[in-house]
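>>> pasting the structure only:
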């Protein structure tokens, strides 16, 4: 009778498990539980006994958390599923739990939580490039509640600008020249160019004048500065184009100065006599402007405002160009919106670089030029790698000042700036490609999950990864303790958690707009229910039979 009673108890427990499974056949992420039966023996039984043991049976629940359910698509972008091993990490604010249920929705503050519960989804915060900011991803302390409204709007300042463009070689044909005969009796030339650099506080026009030899191996001497490959002068003219002042620089010192450009220059291959430049009409600025063209670099400041930086390219002869960066303007190009700073951090309206090309049209070098800025020498800035930059001292809209590194190509390569014949009757700079890493202000429009990345899409067209969903794995996931609402707690049997990004280290892949179905097979459960019912009925019959036997025994005894 005791054995039959234990059978009734065990089958009743099994029936309860089946009932729970069937009730949760539509529950997202639910893992079907099975009943495991174990026989019991009496303490008096032995291997030599000829009588049958009547110890009975006991039942225990057995969970199969590692069994994956079918992944189905949904129309809710914050729904998630894990295809493979692992659990979502959730928190009630005090303790951490784990779940396969991915029905997440947002509360009034934008936090993602398990619908109908107080469990919030945990993940890693990321930077603007989508990389996790936490230094130790292995600890639960590196996680935070995922808040989709954390960046309700976005804007990013430009920090790098890549430009691939061809400067027309024909532009060198329009360079102004001065001819001379060197010591070997060969005819050589000096090239000179004028670049407008704006107006000064006195209202006079300012120019950068650069003089270079046609032979790159030749150096120049203007009587004050010697042994240089290029002579540069800051020239100030009045409204009629007459020179008011001339200042040349040599390194960090003031070289040539006066009210007119030098009338004679000595080249290293013409040491016996200087080159007469007095016949040149230095004062007629318009007549000696040479070939020049302008391009615009569209950038964004830290507030997401479009800022256009003008760059003037002036042919200077001998495969050399002057690249002049001007103060940025607004998107209309009519209003100055920022002030530049030179290599010392002093404000300036423009600065220039000497850009040289090899004979095959590839880029050779980009060298900062020193020129006068009021009463001080101003040198074009570079970054730590020596690259040309757009260095902003301040913005009129109050945005944070910053530096934009100009990626213009590799020396000896054609991956950036080049100098080839354009084949055009009116040659101009030909931009092959240009890109920058900033973007305009935008407001949040939608959030989706892709391979574990929580991606926010904004009205400016930008899609940014704002979080990465954490996936926790266990050595023995079936050892987790099952709680209500489809969550599990870590136990000594399950072992400690290990955190992974989606798809890494054996963890499953997290997908959005999808849910994992329950693993309950209703057909199997109904079949088990019939078996359970029959076993229960059989056990009850044993009790009835035993009762009759007991009554017969008592009657015979009486």
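Yep, it's here. All values derive from a computational prediction rather than experimental measurement.
>>> which residues touch the residue lying closest to residue 451 once chain neighbours are set aside?
In this structure, residue 451 finds its nearest non-sequential neighbour in residue 502, 5.3 Å apart by CB to CB, 6 or more residues apart in numbering. Heads up, the C-betas are built off the backbone N, CA and C, glycines and all. By CB atoms under 8 Å, 6 or more residues apart in numbering, residue 502 lies in contact with 451-453, 468-469, 471, 508-510.
>>> Tabulate those in JSON lines, adding columns for secondary structure, distance to residue 294 and neighbour count.
Shown next, in JSON lines, are the contacts of residue 502 (DSSP: H, G, I helix; E, B strand; the rest coil; distance: CB to CB, whole Å; neighbours: other CB atoms under 10 Å):
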{"residue": "451", "secondary structure": "coil", "distance to residue 294": "44", "neighbour count": "15"}
{"residue": "452", "secondary structure": "coil", "distance to residue 294": "46", "neighbour count": "26"}
{"residue": "453", "secondary structure": "strand", "distance to residue 294": "41", "neighbour count": "21"}
{"residue": "468", "secondary structure": "strand", "distance to residue 294": "44", "neighbour count": "25"}
{"residue": "469", "secondary structure": "strand", "distance to residue 294": "48", "neighbour count": "26"}
{"residue": "471", "secondary structure": "strand", "distance to residue 294": "53", "neighbour count": "29"}
{"residue": "508", "secondary structure": "coil", "distance to residue 294": "55", "neighbour count": "21"}
{"residue": "509", "secondary structure": "strand", "distance to residue 294": "50", "neighbour count": "17"}
{"residue": "510", "secondary structure": "strand", "distance to residue 294": "49", "neighbour count": "29"}
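>>> Need those in JSON lines (columns: distance to residue 358 and pLDDT).
What follows is the contacts of residue 502, written out as JSON lines (distance: CB to CB, whole Å; pLDDT from 0 to 100):
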{"residue": "451", "distance to residue 358": "45", "pLDDT": "94"}
{"residue": "452", "distance to residue 358": "48", "pLDDT": "95"}
{"residue": "453", "distance to residue 358": "44", "pLDDT": "96"}
{"residue": "468", "distance to residue 358": "46", "pLDDT": "97"}
{"residue": "469", "distance to residue 358": "51", "pLDDT": "97"}
{"residue": "471", "distance to residue 358": "53", "pLDDT": "97"}
{"residue": "508", "distance to residue 358": "54", "pLDDT": "96"}
{"residue": "509", "distance to residue 358": "50", "pLDDT": "96"}
{"residue": "510", "distance to residue 358": "51", "pLDDT": "97"}
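>>> Just give me the closest of those to residue 397.
Using CB to CB, the shortest approach to residue 397 within the contacts of residue 502 belongs to residue 453, at 32.1 Å.
>>> From residue 23, how far out is that closest one?
35 Å (CB to CB, to the nearest Å).
>>> The stretch 351-500 of the chain: strands as residue ranges?
363-368, 370-373, 376-379, 389-395, 403-407, 417-420, 430-436, 439-450, 453-458, 463-469, 471-473, 481-482, 487-489, 498-500 (DSSP state E, counting those that start in this stretch).
>>> and the fifth one, what other elements does it pack with?
In this structure, strand 403-407 packs against strand 160-168, strand 292-300, strand 389-395, with contacts taken as 3 or more CB pairs under 8 Å, 6 or more residues apart in numbering; DSSP states H and E.
>>> Just want the angle from the last one to strand 292-300.
Counting by axes from the mean of the first three to the mean of the last three CA atoms, to 10 degrees, strand 389-395 lies at 60 degrees to strand 292-300.
>>> what residues does strand 389-395 touch?
By CB under 8 Å, 6+ apart, strand 389-395 touches 161, 297, 299, 301, 303, 305, 307, 309, 325, 328, 337-342, 345, 347, 381-383, 401-406.
>>> Pull out the buried members of those residues.
Buried members of the contacts of strand 389-395, scored by 16 or more other CB atoms under 10 Å, are 161, 297, 299, 301, 305, 307, 309, 325, 328, 337-342, 381-382, 402-406.
>>> Domain map for the protein?
In terms of domains, the chain is parsed into 2-64+519-557, 71-157+442-516, 158-175+292-437, 193-289 (source: automatic domain parsing).
>>> Run the chain-centre distance for the second one.
Average the C-alpha atoms of domain 71-157+442-516, do the same for its chain, and the two points are 19 Å apart (CA atoms, centre = their mean, to the nearest Å).
>>> What is the end-to-end distance of stretch 84-92?
Start and end residues of stretch 84-92 are separated by 25 Å (CA to CA, to the nearest Å).
>>> What residues of that stretch count as buried?
85-91.
>>> Stretch 456-472 now?
456-458, 460, 462, 464-472.
>>> Mind putting those into TSV with distance to residue 148?
Formatted as TSV, these follow (distance: CB to CB, whole Å):
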residue	distance to residue 148
456	7
457	11
458	12
460	17
462	15
464	12
465	12
466	7
467	8
468	13
469	12
470	16
471	19
472	21
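>>> related to what we said a few turns ago, tell me which of the strands of the stretch 351-500 of the chain lies nearest to residue 19.
strand 481-482 (15.8 Å).
>>> hey, what's the spatially closest residue to residue 373 that is not a sequence neighbour bridged with?
Take residue 373 and drop its neighbours on the chain: the residue closest to it by CB to CB, 6+ apart is residue 348, 5.0 Å away. Per DSSP bridges, the residues bridged to residue 348 are residue 340.
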